[in-house]
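Undergrad: this one's sequence-less:
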């Protein structure tokens with residue numbers, strides 16, 4: 001049972017339905033005859049989750065999955081059809097670039113309008129205006145009409161205003177997708193800062209890397225329902241599965257199998273991974289530890305139901321949040337492998353890790369190459385095993401980051417001619 005005092009957002013049985021009419025005249029006929037002339041289109045149906053204070057939660061899913069609709073309902077700008085939504089605290093939301101802006105007015109004047117739309121008082125806006133301008137990086141353009149701004153500049157100003165509110169809950173709907181790299185980095189840092197203050201951040205993205213880098217939890221929406229809710233790594237696996245399923249349809253291939261924690265989502269496959277083993281070469285036996293600088297073999301055993309002329313086998317290593325540290329595959333290396341029907345083969349990969357201390361996850365997968373000439377970008381995933389092994393990185397040296405790059409200090413000397 002959740003701690004009520006710690007819950008920032010609770011969504012229970014949420015649904016949003018739109019009435020779809022074949023012709024505009026059917027709306028009038030329905031009103032007059034009281035007989036339905038529409039079909040129901042549920043954008044969201046039976047959505048349930050809780051988000052705690054101080055959590056950064058990313059919402060991911062394909063176009064049309066219901067992400068924006070969900071955030072608009074939580075933000076209070078769209079009515080729901082069914083269910084309940086509890087939001088505790090002051091909400092600052094960026095749903096559409098420049099909400100509340102008058103594009104004929106200057107950026108400075110729109111700071112006032114945007115701030116008022118977000119519930120700030122005139123005094124609050126006046127005290128924060130210079131900080132908003134500085135954060136946006138638009139000082140040279142702040143007195144120019146917003147109609148002269150690019151979409152990225154509007155995004156920067158909108159986010160700068162919303163992030164200045166000191167909200168209990170910050171909701172962002174892809175408003176940063178048009179920002180430049182430098183401003184995006186500042187924005188993500190500000191989102192982390194807001195979360196550390198005890199507030200909650202909920203944002204939509206199409207980027208798994210943003211989910212891994214920023215989020216404590218992730219929500220995967222698929223067809224208006226919550227397909228997954230939990231740690232970013234697991235949600236990321238399921239999202240990648242959806243992408244591979246679409247690729248399989250385009251390639252007229254069977255859908256791939258996704259396996260996490262021993263569960264397989266699909267058994268209609270040409271081949272499967274039946275065993276994964278990490279072997280310490282110096283000891284000649286299995287291990288779950290990757291020592292910095294030691295030699296290891298990753299052995300992937302594959303059993304085929306059908307003959308596969310061009311088989312790609314690979315693995316990657318990820319952090320607990322899902323950030324990929326390293327990956328390798330036979331196709332990426334330009335090596336073409338094959339397997340016959342009913343054959344069982346062991347594929348071995350040499351590895352000399354340079355990981356820092358900590359927990360890492362080894363994922364393995366097999367795919368069928370579909371392009372002639374060994375094009376590794378054209379493939380159909382057959383079987384992916386997420387978290388096939390949990391391994392411990394072990395390093396004697398102390399260094400920041402994930403990987404030991406063997407950096408050394410080369411010494412110092414006076415620059416010639418003052419370094420000019």
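TA: Done, it's in. All figures in this text were calculated on a predicted structure; none of them were measured in a lab.

Undergrad: what about residue 401, neighbour count?
TA: A count of neighbours around residue 401, defined by other C-beta atoms under 10 Å, yields 8. To be clear about C-beta, it is placed using only N, CA and C from the backbone, and glycine gets the same treatment.

Undergrad: elements contacting the lengthiest helix in the chain?
TA: Longest helix in the chain, counting residues (DSSP state H): helix 232-250. Counting contacts by 3 or more C-beta pairs under 8 Å, 6 or more residues apart in numbering; DSSP states H and E, the secondary-structure elements packed against helix 232-250 are strand 56-60, helix 208-214, strand 217-222, strand 225-230, strand 257-260, strand 379-394.

Undergrad: show residues contacting it.
TA: By C-beta atoms under 8 Å, 6 or more residues apart in numbering, the surrounding residues in contact with helix 232-250 are 58, 60-62, 208, 211-212, 215-220, 222, 227-229, 254-256, 258, 260, 265, 318-322, 361, 363, 379-381, 384, 386-387.

Undergrad: need the buried ones from the residues you listed selected in PyMOL.
TA: Here is the PyMOL command that selects only those of the contacts of helix 232-250 that count as buried (16 or more other C-beta atoms under 10 Å):
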select buried, resi 58+60+61+208+211+212+215+216+217+218+219+220+222+227+228+229+254+255+256+258+260+318+319+321+322+361+363+379+380+381+384+386+387
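
Undergrad: ok, back up a step: I'd like the helices and strands packed on helix 232-250 written out as TSV, with mean pLDDT and distance to residue 104 added.
TA: What follows is the helices and strands packed on helix 232-250, written out as TSV (pLDDT from 0 to 100; distance: least, C-beta to C-beta, whole Å):
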stretch	mean pLDDT	distance to residue 104
strand 56-60	93	33
helix 208-214	85	34
strand 217-222	94	37
strand 225-230	94	42
strand 257-260	75	52
strand 379-394	91	51
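
Undergrad: redo the ones you listed as JSON lines? Include distance to residue 333.
TA: Conversion of the helices and strands packed on helix 232-250 to JSON lines gives the following (distance: least, C-beta to C-beta, whole Å):
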{"stretch": "strand 56-60", "distance to residue 333": "30"}
{"stretch": "helix 208-214", "distance to residue 333": "24"}
{"stretch": "strand 217-222", "distance to residue 333": "31"}
{"stretch": "strand 225-230", "distance to residue 333": "32"}
{"stretch": "strand 257-260", "distance to residue 333": "24"}
{"stretch": "strand 379-394", "distance to residue 333": "14"}
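
Undergrad: to residue 133, which of those lies closest?
TA: The stretch from these with the least distance to residue 133 (C-beta to C-beta) is helix 208-214; that distance is 25.2 Å.

Undergrad: and that closest one, what does it pack against?
TA: strand 56-60, helix 181-196, helix 232-250.

Undergrad: and the angle for the longest helix of the chain with strand 217-222?
TA: Relative orientation of helix 232-250 with respect to strand 217-222: 20 degrees, computed using axes from the mean of the first three to the mean of the last three C-alpha atoms, to 10 degrees.

Undergrad: what is the rounded mean pLDDT of helix 232-250?
TA: In this model, helix 232-250 has an average pLDDT of 85.

Undergrad: what do you get for stretch 399-408?
TA: On average, the pLDDT along stretch 399-408 is 90.

Undergrad: from the chain's centre, how far out does that stretch sit?
TA: Remark: stretch 399-408 is offset 26 Å from the chain centroid, using C-alpha atoms, centre = their mean, to the nearest Å.

Undergrad: ok, now stretch 359-368?
TA: Using C-alpha atoms, centre = their mean, the distance between the centre of stretch 359-368 and that of its chain works out at 18 Å.

Undergrad: what's in contact with stretch 388-408?
TA: When contacts are taken as C-beta under 8 Å, 6+ apart, the neighbours of stretch 388-408 outside the stretch itself are 273, 276, 278, 288-292, 317, 319, 323, 325-326, 353-364.

Undergrad: which of the residues you listed are buried? Put it as a ChimeraX command.
TA: A single ChimeraX command selects the buried members of these (16+ other C-beta under 10 Å):
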select :273,276,278,290,291,292,317,319,323,325,353,354,355,356,360,361,362,363,364
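
Undergrad: picking that back up, tell me what angle the longest helix of the chain forms with strand 379-394.
TA: What separates the directions of helix 232-250 and strand 379-394 is an angle of 160 degrees, with the same axes, to 10 degrees.

Undergrad: for helix 232-250, buried residues please.
TA: Within helix 232-250, judged by 16+ other C-beta under 10 Å, the buried ones are 232-242, 244-245, 247-248.

Undergrad: what are the phi and psi values at residue 11?
TA: In terms of degrees, to the nearest 10, the main-chain angles of residue 11 are phi -120, psi 130.

Undergrad: that should have said residue 132, apologies.
TA: Listed backbone geometry of residue 132 is phi -60, psi -50, with angles given as degrees, to the nearest 10.

Undergrad: how many neighbours does it have?
TA: Burial of residue 132, expressed as a neighbour count using other C-beta under 10 Å, amounts to 23.

Undergrad: ok now do it, which residues does it touch?
TA: The contact partners of residue 132, taken as C-beta under 8 Å, 6+ apart, are 111, 157, 160, 161, 164.

Undergrad: distance-wise, check it relative to residue 93.
TA: Distance, residue 132 to residue 93, using C-beta to C-beta, to the nearest Å: 17 Å.

Undergrad: now residue 257
TA: Using C-beta to C-beta, one obtains 39 Å as the distance from residue 257 to residue 93.

Undergrad: so what's residue 29 closest to, chain neighbours aside?
TA: Closest residue to residue 29 in three dimensions, ignoring its sequence neighbours and counting by C-beta to C-beta, 6 or more residues apart in numbering: residue 37, at 5.3 Å.
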